[in-house]
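Enquirer: with the input below, show me the fold.
(one chain, ligands or ions: 2)
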Amino acid sequence: MSDQNHLDALRHSAAHLLAAAVLELYPDAKRTIGPSIENGFYYDFEFSSPITDMDLKRIEKQMKKIINTWGEGFSHRSVTPDEARAEYKNNPYKLELVDQFTGEGQNLTFYKVGNYEDLCRGGHCEHPKEELKHFKLMSLAGAYWRGDEKNAMLTRIYGTAFATQEALDAYLHMLEEAKKRDHRKLGKELGLFAFSDLVGPGLPLFTPKGATIRRLLEDYVWDLMRPFGYERVDIPHMAKADLYKTSGHWDKFTDDIFHVSSKKSDEQFVMKPMNCPHHTQIYASEQRSYRDLPLRFSEVTKVYRDENTGQLQGLSRVRSITQDDAHVFCRIDQVKDEARAIYQIVQAFYKTFNMPLDARLSLSDPSQPDKYLGERSVWETSEGMLRELLQEFGVAFEEVQGEAAFYGPKIDFVAKDAIGRPWQLATIQLDFNLPERFQLEYVDEHGEKVRPVMVHRAISGSLERFMGVLIEHYAGAFPLWIAPVQVRVASVSEVHKDAVSQLVRDLKAAGVRAEADVSDATVGAKIRNASKMKIPYTIIFGDKELGGEAFHVRVFGEEEEQVIDQTSLAEQILKTSKEQRGV
Ligand SMILES: [Zn+2]
Ligand SMILES: [Zn+2]
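Expert: Ligands and ions are numbered 1, 2, ... in the order given. Below is the predicted model:
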């Protein structure tokens, strides 16, 4: 059993344990369903009177007692629908499930462990008494039966369970850290972005500081890409609906597309939900020869996708999404070199942020060739190329057959942040479909017309989401190279103000992101403010500095001050930034 499957079995078993404890403490509670979920498990109950967070401790204690009686493990028996109905005669939820499963022709099974029995399909841990020790009830929430607001509101109890105490502790610590690092909170405190009711939900506004980080990210990705022959293109943010009807996105994104109406024509327009179709039209604007390929179009641009407002969340889930997007049009024999270049960009990018990468290779299912577009041999060649590439780089990767989209195999990269959370951000996706739909072609060396392969690739994913990840990864304390303000110079008193302003002007002219604090606050308050804004360098400018003595630079997060000559401050900051950035 894989670790993940074992964890799922453990958490599923923990849901039974939770229900057992609830029924012992609240005999008239009605249980409904209790699955394992991504980071734990839950169980939904109908309580006769509401319970509170205080009750969770009591339930957890009861669970610890009950688990000692679960030494024999789970056993199961098949039951007839009537037997099941008799068992649940006072529980309309379970009765509904029994009827549903029976209607679907499923066999019904009851799983028993200790004194607790429940309708279930199985998938438990083998030795609950020994294995199920490291669990915790996390929170309470309201949840409609079957997620439908027309149904009764139930009480959901969330919990989590791990195989070891260390893993549980690490998870709880991570949650605590994540709360402290929440990008919505830090983004506000650091003045990076804002939302406005008038502008609309899910449409973030970036302040000068936030926009600085975005620009630095854009420039950085571009600097990494440029050596590999990418060229910049530029497209409008809207297009005729026909573009997406041709690409096939119209049906797929139908609920997510923002429509734009025109009073001057009957054409139907939409805000672009993606850039690929536009880029195919740049390709198609000229006759292409095999000698022209690969063509690599790149652009940092926004796409617009509608979301239910309830699902919008800080920068993680927005309606205006900035993609650092690129599309490569190449011959099949060029796929490996192009994917290698993208891989090198991805690797350099995440190394700079000190985020280790894992890869996942999504392949076709060879037993169902009809599910996939294009010739089998093309699939085999390209899948082989991607696999060889990952092997060549010695990156840890998982291969998943049957997970590829119908139009091409892909590599997904998962980056781990400072508190161990995985983020799926970068992708290399091959596409045999769009070239077909848009009838793209090039003339090969024999004068024949051939379809190119299209490669979609993402490095940061989206700038909004990536910025959210970065804020939390660094807990708001950005390294010098990407900090919106690199150095703050604070005056000690009135007589130093002019010199401070002049110094900041000089630093800016040299390309340093500097700001002055010439307020009337005390020196102590000025130091605290700079520290609250997590500015990498702070310089207190007084008489000694006015007299030309070296700066004593306070470095955020470090005890020791750095002593830097006045004349080499700018140079020093630029040099350190460049070293951190790598290019
Ligand atoms: Zn079960
Ligand atoms: Zn694309």
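
Enquirer: below-threshold pLDDT in the protein: ranges please.
Expert: Within the chain, the segments meeting pLDDT under 70 span 1.

Enquirer: center of it - which residue?
Expert: Among the residues of the chain, the one closest to the centroid is Trp423, at 4.5 Å (Cα atoms, centre = their mean).

Enquirer: from Lys64, how far out is it?
Expert: Applying Cβ to Cβ, to the nearest Å, the value for Trp423 to Lys64 is 35 Å. For glycine as for every other residue, the C-beta is placed from the backbone atoms N, C-alpha and C.

Enquirer: helix or strand right after the helix or strand encompassing the residue nearest to the centre of the chain?
Expert: Assigned by DSSP states H and E, Trp423 belongs to strand 422-431. Once the chain leaves strand 422-431, the next helix or strand it forms, by DSSP H and E, is helix 433-437.

Enquirer: can you list contacts of the helix or strand following that following helix?
Expert: Per DSSP H and E, helix 433-437 leads on to strand 442-443 as the next helix or strand towards the C-terminus. With contacts defined as Cβ atoms under 8 Å, 6 or more residues apart in numbering, strand 442-443 is touched by 287-290, 292-293, 331, 449-450, 452.

Enquirer: go again with 10 Å.
Expert: 283, 287-293, 295, 329-331, 435, 448-452 (Cβ atoms under 10 Å, 6 or more residues apart in numbering).

Enquirer: just the buried residues out of those, in ChimeraX syntax.
Expert: The ChimeraX command for the buried members of the contacts of strand 442-443 (criterion: 16 or more other Cβ atoms under 10 Å) is given here:
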select :283,288,290,293,295,329,330,331,435,450,451,452
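
Enquirer: could you count how many residues lie near Glu571?
Expert: Burial of Glu571 is recorded as 13 neighbouring residues (other Cβ atoms under 10 Å).

Enquirer: equivalent analysis for the one 3 residues further on, please.
Expert: Counted by other Cβ under 10 Å, the residues lying close to Leu574 total 17.

Enquirer: I figured it hits Ala514, correct?
Expert: No. The criterion here is Cβ atoms under 10 Å, and Leu574 misses it with Ala514 at 11.6 Å.

Enquirer: hey, what's in contact with both of these two?
Expert: With Cβ under 10 Å, 6+ apart, Leu574 and Ala514 have common neighbours 486, 507.

Enquirer: you'd agree the residue nearest to the centre of the chain is up against Phe413?
Expert: Yes. In this structure, Trp423 is within contact of Phe413 by Cβ under 10 Å, at 9.3 Å.

Enquirer: shared neighbours, the two?
Expert: With Cβ under 10 Å, 6+ apart, Trp423 and Phe413 have common neighbours 350, 355, 461.

Enquirer: now do the contacts for the closest residue to ligand 2 within the stretch 201-350 of the chain.
Expert: Across the stretch 201-350 of the chain, no residue is closer to ligand 2 than Cys276, which sits at 3.3 Å (Cβ to the ion). By Cβ under 10 Å, 6+ apart, the residues touching Cys276 are 247, 249, 297, 303, 325, 327, 429, 431, 434, 438, 454, 456.

Enquirer: swap in Gly314?
Expert: Gly314 neighbours (Cβ under 10 Å, 6+ apart): 182-185, 187-188, 193, 195, 202, 204, 464-465, 467-468, 471-472.

Enquirer: just the buried ones out of the residues you listed, please.
Expert: The neighbour count (16+ other Cβ under 10 Å) marks 183-184, 187, 193, 195, 202, 204, 464-465, 467-468, 471-472 as buried among these.

Enquirer: closest one to ligand 2 out of those, please.
Expert: Arg465 (16.3 Å).

Enquirer: hang on, the earlier thing: roughly how far apart are the residue nearest to the centre of the chain and ligand 2?
Expert: 20 Å (Cβ to the ion, to the nearest Å).

Enquirer: so what's Ala167 up against?
Expert: 7, 134, 160-161.

Enquirer: among the residues you listed, which two are most distant?
Expert: Greatest spacing in the contacts of Ala167, by Cβ to Cβ: Leu7 and His134 (11.1 Å).

Enquirer: mutual contacts of the two, please.
Expert: Each of 160-163, 167 lies in contact with both Leu7 and His134 under the rule Cβ under 10 Å, 6+ apart.

Enquirer: got a ChimeraX select line for the buried ones in those residues?
Expert: Written as a ChimeraX command, the selection of buried residues from the shared contacts of Leu7 and His134, which uses 16+ other Cβ under 10 Å, is:
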select :160,161,162,163
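
Enquirer: tell me which of the shared contacts of Leu7 and His134 is nearest to ligand 2?
Expert: Nearest to ligand 2 among these, with distances taken as Cβ to the ion, is Thr160, at 36.7 Å.

Enquirer: tell me which helix or strand that closest one sits in.
Expert: Using DSSP H and E, Thr160 sits in strand 153-162.

Enquirer: tilt between the following helix or strand past that strand and strand 153-162?
Expert: Going down the chain from strand 153-162, the next helix or strand is helix 165-181, by DSSP H and E. Angle, helix 165-181 to strand 153-162, by axes from the mean of the first three to the mean of the last three Cα atoms, to 10 degrees: 120 degrees.

Enquirer: name the nearest residue to the residue in the stretch 401-550 of the chain that ligand 2 sits nearest to, ignoring sequence neighbours.
Expert: Residue nearest to ligand 2 within the stretch 401-550 of the chain: His456 (3.4 Å; Cβ to the ion). Of all residues not flanking His456 in the chain, Gln429 sits nearest, at 4.3 Å (Cβ to Cβ, 6 or more residues apart in numbering).

Enquirer: just Asn107 next, same as before
Expert: That would be Ser78: by Cβ to Cβ, 6+ apart, it lies 5.8 Å from Asn107.

Enquirer: measure the one you found to ligand 2 for me?
Expert: 50 Å.

Enquirer: begin at 2 from now on, thanks
Expert: That works, and once the first residue is 2, the last one we named lands at Ser79.

Enquirer: buried residues in the longest helix anywhere in the chain?
Expert: Criterion DSSP state H: the longest helix present in the chain is helix 4-26. Neighbour-count burial for helix 4-26 flags 8-25 (criterion: 16+ other Cβ under 10 Å).
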